[in-house]
Each structure stands twice: as C-alpha cells, then as structure tokens.
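**Q** this is a predicted model, with the sequence first.
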Amino acid sequence: MEKAVNANLIPSLLAILLILNCAHAGDGIHSHISPESCDWTKMNVPFSITCMVGTHAEGEHAHKFCPEGTKTYYAIVEADAKCPKSGFTEAAAGEVTCEEGSICIKKVCFYSKSADMEESIKESGEFKIDKTKPKVQISISLEESNGRRFTVISASCNDTGSGCDTLKYKTCKTSRWIQYTGTIKVENIEKIFFKATDRAGNETLIEKSLNIESDADNPTKPGALNVSFENGSVVLQWEESTDESSGVLGYKIFRVANHTIEEIGFTQETSFKDTQIPSGPITYRVVAVDFAGNYSEASEASLNFSTEIELTELSHKSGWYREPFKVLLKCVYAKGCSKTFFRINGGKWQEGSEIEIKQQGKHAIEFYSLGRDNTVEQVREAWFGLDTEAPKVSSLILTLDSKGVKLRWNCPPDRQSGLAKFIIYKNGALLAETTEKSFLDSAIQPGRTYEYSIVAIDLAGNESTPIKKVIEMAPGPSIWPYLLIIFLIFIIVGFAIIIIRKMKHPYRA
C-alpha cells in the first residue's frame, strides 16, 4: 500500500518541478536601449543601454539592475546589415553619428553578460540621420500679356535623404512666407526668396534676382578650387561666385582626361563629387552660370589618379592582436609625399600617420597618400582586431570504450576574434591539436593512469586556463594461467615423444 502511494506521488512531484522550472524560465539578463529608434533628424543621436535581471516573485514579474561586474557591449552598423559576431565596444552608452553632408540609416546591436549569464544579441530600430540640405531648382522666364510684362518663376525641391517637407517663398511685397503650390507670376518685383525644409529639419535659403533681361555681365570666377580624394571619389570644393544682376544659377563641372573634355555635372552647391574617375592625369574645371545664361571664367585644378602605384606602407599586417598597439602609415614615393589620410570603421577622414588600436573588436581601416606631384593613391583597406580576453573551456568528459579514451568538452563562442584551435595534452606532453570539441585517444594501455588537459586558443593568440581530468585504466587479464598451460603442454608433449621412441626401439639402451 505504501509503495502504491509513493508511486502515485511521483507524477505530482514531477509536475511541481516542471511548474517551478517554467516560473523561472524568464529569469536572466535583459538589456534595453533608449531611444529604441529615431525618425529623421539632422543631429547625431546619443543612446544608453540599461541592463536588467528578470525575476519572478509571488507570481508577479519584477526587474532589478544587473549585478556589479556585468558588462554591456554594442556595435553600430548599417540598418540593412546583419549584427556582427565580433567587434563590439564595451560601454553602456554611445552615439549614432553621421558625417556632415551624408545620409545615414543605422541600427545598434547590443548585449550584456555577467560572470554566469549572457543574453543573445539584440537589435534596435532604425536611427535615421540626414545631414544634407534640400536642393531647390528655379527657372525664370518672361511673359507679356495685354501690354504688361510678367516674370514667371517655377521651383522644385529635391531631397534624396529624408525627403522635402515644405517649400515656401516670399518677395519684398510680402511679410510672411507663402507655401509654394505651383508657378508664380509676378510684376515689378526685383527679387524672390525661397526656403526649402526637409523632414530632418535641414533648411536651404535662396535669394534670386528677377532682372534677367538686362543682365549682360558674367558671374565672377569660382574661387580657390580644391581637389581632395575620399573613399574612391574626387571631391571638388570652391568659393561661391557672385552676380549682381540676375544672380548665380549654379555651376557646371567639366573633366579633362585622355584628351577629352566632358561635362560631368551641374550643381547649385559649392561642392561636387566625381565617382567615375579615369586613371591618369585629370583636370577639373568649374564654371559659374547666371540666370541670364552668362558664363564665368573657369577655375581649374589637376591631379594624377593612379590605380597601380601604392604609396603607403603599414607597420602591421591585418589580423588579430592580444595587446593594444599602434599602426604606423608610412608614405614612400620617389617624387616625395604630401599627405596621408585614414579613417576607422567608416568614420571621418583625418590626416595623420599613426592609428592607435585600443578598443576591443575588429576595426576596418581605409587609407591613402598624396604625392607632391598631385598623384593620388587609390584608397586601400586593411583591418586590425584587438582581443585581450582569453577563451574558456568547461565540462571536460572522459569516457572509455573499445576504441580508446573519448574526450569531449564545451567551449562558449569567442565574442571577439573567434576560436582558432584546441591543444590536447596527455600526462603533460603534447598529444594533438584540433578544431573540433572531441578527440579519440587510442594509444592507451591497461593498468595505466592518464591525465588529459585541454587548452583553447583564439585567433588573437590568447590561451584559456587548462582544464584537466584523470582516468585510470582497468588492469588487463593475468598471463600466468596461460604460461602454466603452455608449460604443461610442453611436458606432456615431451613425455609423449619419449614413450613413442621406447615403443619403436624396446631393446635400445
């Protein structure tokens, strides 16, 4: 009867244990990012990551801050990219940034871990940053009707980032901005102003003269044309031209290469980016155009774009390192070097010859140098990883079968560089190296004792603390019974030979 009652209690106890286990299934680290996302803005966006531990008390879910020593990591990537497995920054706060004149849509990958808990990588929503100004295109023409002369103005707003939000105008006869809805026809007005605003809050303000009929003067020459090289593109920048009559409509850009002159663009800004660059000597010309169609003198600048010459030497090779270090960029060019530029992880370009690698993770480096003869080296790439944390090996299990000693162990993923290999030692001597998490040792003998130890090594060269385990081999069967049997067989065979000889020769002494 007692055994029957105990047997009935077993399912109930199992059910209770299952309920308790489910009640604690939500326990663990939970990181939260604030803000979770950001719609279009023209500012960099700071964020913070809070680590909480989920607990259950009396059926109600509660949270508390993670214990001291918990570390939080994050990485900022493009919104359409997958979260990386390494290259995270250890910090609980950061900033999503975007270069001036750029459009960025990014996300934050983050996670937290303590000594005994680690959560999976999470993703934030999209952080949309637009640091470009909307562009306003204006066309002006004259129209006569019933003996009166009108100026007809058409305008349009274009913004490739957040998109245009409003386009307004006003004249000297209006005191407020008026929403632009279509073609404007005015009379006896000398100037008109347009203001375009995009969804991120960037504004463009344009003032245009309407006296285009009597404008016979050319705009002033664009000043101080500067040529720089950025991420595989030539960037032209110049000082704006002026035109006192009708005003400057914009700038035409020409490229002279391979004995051919080509108009490659038009802009109302004072900068232009050329992405289709032929090799060899190149001359750029920038010409200002006013609303009456008059052209200024051309402003020129030249360079020699080379895809074959490498001007920059690095002090280190791409790869993982386990201590902070500095990468030196050395320009070596027979005609002399002018400047060297680099940027880290797609950040801002900066001039210099020394890059300090001191943050954990993988860092992408882009660099190029300029020669004194305006030779431009093609942008080259390298990467350097820093991983100062050693991997860990746990749960070494030894089992014995007919083939030998089977070793199995666990090793969590290495967040930074990744695991390279495992080294196996047997009684202090090197036994083997493997990338697997198991190994079979068939070179064993009965009655012996073996100590096995496993060391994990990551791609940066960090070694884990050895984990050790001992196994004793059972003694083999004794050979003495077999030797006794063999000895008796020899005696019996010897007596048999003697008897046979006596029977064949009974009278031989």
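**A** That came in fine, so what should we check first?
**Q** helix, strand or coil: sort out residue 367 for me.
**A** strand (DSSP: H, G, I helix; E, B strand; the rest coil).
**Q** excluding its backbone neighbours, what's nearest it?
**A** residue 342 (4.1 Å; CB to CB, 6 or more residues apart in numbering). Quick note: C-beta positions are derived from backbone N, CA and C, even for glycine.
**Q** what's the helix or strand for that neighbour?
**A** Using DSSP states H and E, residue 342 maps to strand 337-344.
**Q** so which bits of that strand are buried?
**A** Neighbour counts over strand 337-344 (16 or more other CB atoms under 10 Å) mark 337, 338, 340, 341, 342, 343, 344 as buried.
**Q** partner strands of it, with direction?
**A** Strand 337-344 has the following sheet partners, assigned by DSSP bridges: strand 350-351 (antiparallel), strand 361-371 (antiparallel).
**Q** for that strand, what is the average pLDDT?
**A** For strand 337-344, mean pLDDT rounds to 89.
**Q** name the surrounding residues that touch that strand.
**A** 229, 311-312, 329, 331, 349-353, 355, 363-372 (CB atoms under 8 Å, 6 or more residues apart in numbering).
**Q** buried ones among the residues you listed?
**A** Buried among the contacts of strand 337-344 by 16+ other CB under 10 Å: 229, 311-312, 329, 331, 349, 353, 355, 363, 365-371.
**Q** ok, which pair from the residues you listed is furthest apart?
**A** 363 and 371 (26.8 Å; CB to CB).
**Q** which strands or helices does the longest strand along the chain pack on?
**A** Longest strand in the chain, counting residues (DSSP state E): strand 45-57. On a contact count with 3 or more CB pairs under 8 Å, 6 or more residues apart in numbering; DSSP states H and E, strand 45-57 meets strand 28-34, strand 60-65, strand 71-78, strand 93-96, strand 103-113.
**Q** show me what counts as buried in it.
**A** Those would be 45, 47, 49, 50, 51, 52, 53, for strand 45-57 by 16+ other CB under 10 Å.
**Q** mean confidence for that strand?
**A** pLDDT averaged over strand 45-57 gives 81.
**Q** out of the buried residues of strand 337-344, who's nearest residue 260?
**A** Nearest member of those to residue 260, counting by CB to CB, is residue 338, at 27.3 Å.
**Q** could you pull out the helices for the protein?
**A** Secondary structure of the chain by DSSP state H: the helices cover 2-23, 480-504.
**Q** least reliable of those by average pLDDT, please.
**A** Among the helices of the chain, helix 2-23 scores lowest, at a mean of 43.
**Q** domain assignment for this protein?
**A** 19-130, 135-209, 223-306, 312-386, 394-472, 480-509 (automatic domain parsing).
**Q** pLDDT below threshold where in the stretch 101-250 of the chain?
**A** 211-215, 230-232, 246 (pLDDT under 70).
**Q** quick one: low-confidence parts of the stretch 351-500 of the chain?
**A** 476-479.
**Q** could you dump the domains of the chain into a markdown table and include distance to residue 216?
**A** Listed next are the domains of the chain as a markdown table, based on distance: least, CB to CB, whole Å:
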| stretch | distance to residue 216 |
| --- | --- |
| domain 19-130 | 35 |
| domain 135-209 | 14 |
| domain 223-306 | 7 |
| domain 312-386 | 37 |
| domain 394-472 | 68 |
| domain 480-509 | 123 |
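**Q** ranges for the strands of the stretch 251-400 of the chain?
**A** For the stretch 251-400 of the chain, the strands defined by DSSP state E, counting those that start in this stretch occupy 260-267, 271-274, 280-290, 299-306, 312-314, 319-321, 325-331, 337-344, 350-351, 354-357, 361-371, 375-377, 380-386, 394-401.
**Q** same list (those) but as TSV, adding distance to residue 222.
**A** Formatted as TSV, the strands of the stretch 251-400 of the chain follow (distance: least, CB to CB, whole Å):
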stretch	distance to residue 222
strand 260-267	11
strand 271-274	11
strand 280-290	5
strand 299-306	4
strand 312-314	32
strand 319-321	46
strand 325-331	30
strand 337-344	23
strand 350-351	25
strand 354-357	35
strand 361-371	22
strand 375-377	21
strand 380-386	32
strand 394-401	67
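**Q** residue 156: which of those is closest?
**A** strand 260-267 (14.4 Å).
**Q** please name the strands paired to the closest one in the sheet, noting orientation.
**A** Sheet pairing for strand 260-267, using DSSP bridges, gives strand 248-257 (antiparallel).
**Q** got the contact list for the partner strand?
**A** 138, 219, 222, 236, 238, 240-242, 261-270, 272, 274, 278, 280-291, 295, 298.
**Q** which of those residues count as buried?
**A** For the contacts of strand 248-257, buried by 16+ other CB under 10 Å: 138, 219, 222, 236, 238, 241, 265, 272, 274, 282, 284-291, 298.
**Q** for residue 95, which non-adjacent residue is spatially closest?
**A** residue 46 (4.7 Å).
**Q** so that neighbour touches residue 94, yeah?
**A** Yes. Using CB atoms under 8 Å, residue 46 is in contact with residue 94, at 7.4 Å.
**Q** ok, now which ones touch the closest residue to residue 191 other than its chain neighbours?
**A** Leaving aside its chain neighbours, residue 191 sits nearest to residue 209 (5.6 Å; criterion: CB to CB, 6+ apart). Listed by CB under 8 Å, 6+ apart, the contact set of residue 209 reads 190, 191, 243, 245, 246, 247, 291.
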